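In: sequence and predicted structure, then a few things I'm wondering about:
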Amino acid sequence: MKKWIKNNKVLFILLLLSILVFILGFYFHAIQDEETKNLIKNNVVKELTNPNSITSILLTNSLLLITIWILGISIIGIIVVVFLYSWKLFIFSFELCSYLVTLKINNLLGLIILFIPLIVYLFLIFLQTFYSLHYSISLFEYLILKKKKNILIITKRYIKLLLPIISINILTSLLQYYLFFKHFLIKI
């Protein structure tokens, strides 16, 4: 285990951060007062009855992935990338908790189906964040610490990463819109 952690420091830290932020999202929902929880329930029902447009979902999801990718090109972007990833994961866990509380356990199957595209999208953000951090650290080691690295191969791999991530994002965004628009398994 220690060897794996030593060889995969970035992955280990990112996984640890993910677990911590996910738990914080649930905790933050739990400490809200009743008035705020009622407001959240109303917003959940409103979201289900009047979902965002497909353009809005596509633009929002793609913009975050592209921003993380661009920030990965710079060494300074490491902090912002980690913040953006943590923020999105916190929002997701808070939103998941809100849906669970609002829709109750009898809508669990519908909720799971509804959140599948969001889970895939979170996985895309995780991958994008991991590779952005890895690329930024490689740049730092190459430019500042003068370590021998084949930066050209690392850069080509990083550039090739964007197209499949954006393609999968488009598919999950369309699925997310369809499932929110046709929330056929959820009774409000």
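Out: Happy to help now that I have it.

In: what about the helices in the protein?
Out: Taking DSSP state H as the criterion, the chain contains helices spanning 2-7, 9-30, 34-49, 54-71, 77-103, 108-143, 151-181.

In: skipping adjacent residues, who's closest to the residue nearest in space to the middle of the chain in space?
Out: Taking CA atoms, centre = their mean, the centroid of the chain lies closest to residue 122, which sits 3.2 Å from it. In this structure, residue 122 finds its nearest non-sequential neighbour in residue 92, 5.8 Å apart by CB to CB, 6 or more residues apart in numbering. C-beta here means a position set from N, CA and C on the backbone, and glycine is covered the same way.

In: tell me how many other residues crowd the one you found.
Out: When counting by other CB atoms under 10 Å, one arrives at 19 neighbours for residue 92.

In: residue 123 versus that one, what's the distance?
Out: The spacing between residue 92 and residue 123, counted by CB to CB, to the nearest Å, is 11 Å.

In: would you mark the buried spots in stretch 144-155?
Out: Residues 151, 154 are the ones in stretch 144-155 that count as buried (16 or more other CB atoms under 10 Å).

In: do stretch 158-173 as well
Out: Result for stretch 158-173 [16+ other CB under 10 Å]: buried residues 158, 161-162, 165-166, 168-169, 172-173.

In: nearest to residue 25, of those?
Out: Nearest to residue 25 out of these is residue 172 (CB to CB; 20.0 Å).

In: pretty sure that closest one sits against residue 115.
Out: No: look at residue 172 against residue 115 with CB atoms under 8 Å: they stay out of range, at 11.2 Å.

In: neighbours around the nearest residue to residue 143 once chain neighbours are set aside, how many?
Out: Setting aside the residues directly before and after it, residue 143 is nearest to residue 75 in space (CB to CB, 6+ apart), at 7.4 Å. Neighbour count of residue 75, defined by other CB under 10 Å: 16.

In: residue 75 reaches residue 140, doesn't it?
Out: Yes: here residue 75 reaches residue 140: they are 4.9 Å apart, a contact under CB under 8 Å.

In: quick check: phi and psi at residue 75.
Out: Dihedral pair for residue 75: phi -70, psi -40, per degrees, to the nearest 10.

In: separation between it and residue 179?
Out: According to CB to CB, residue 75 stands 39 Å off from residue 179.

In: kindly report the same for residue 120.
Out: Taking CB to CB, one finds residue 120 at 12 Å from residue 179.

In: which one's more surrounded, the two?
Out: residue 179 (20 against 17).

In: what sits against that one?
Out: The contact partners of residue 179, by CB atoms under 8 Å, 6 or more residues apart in numbering, come to 113-114, 116-117.

In: nearest to residue 148 among those?
Out: Using CB to CB, those come closest to residue 148 at residue 117, 41.9 Å.

In: quick check, that closest one in contact with residue 170.
Out: No: using CB under 8 Å, residue 117 makes no contact with residue 170, being 11.1 Å away.
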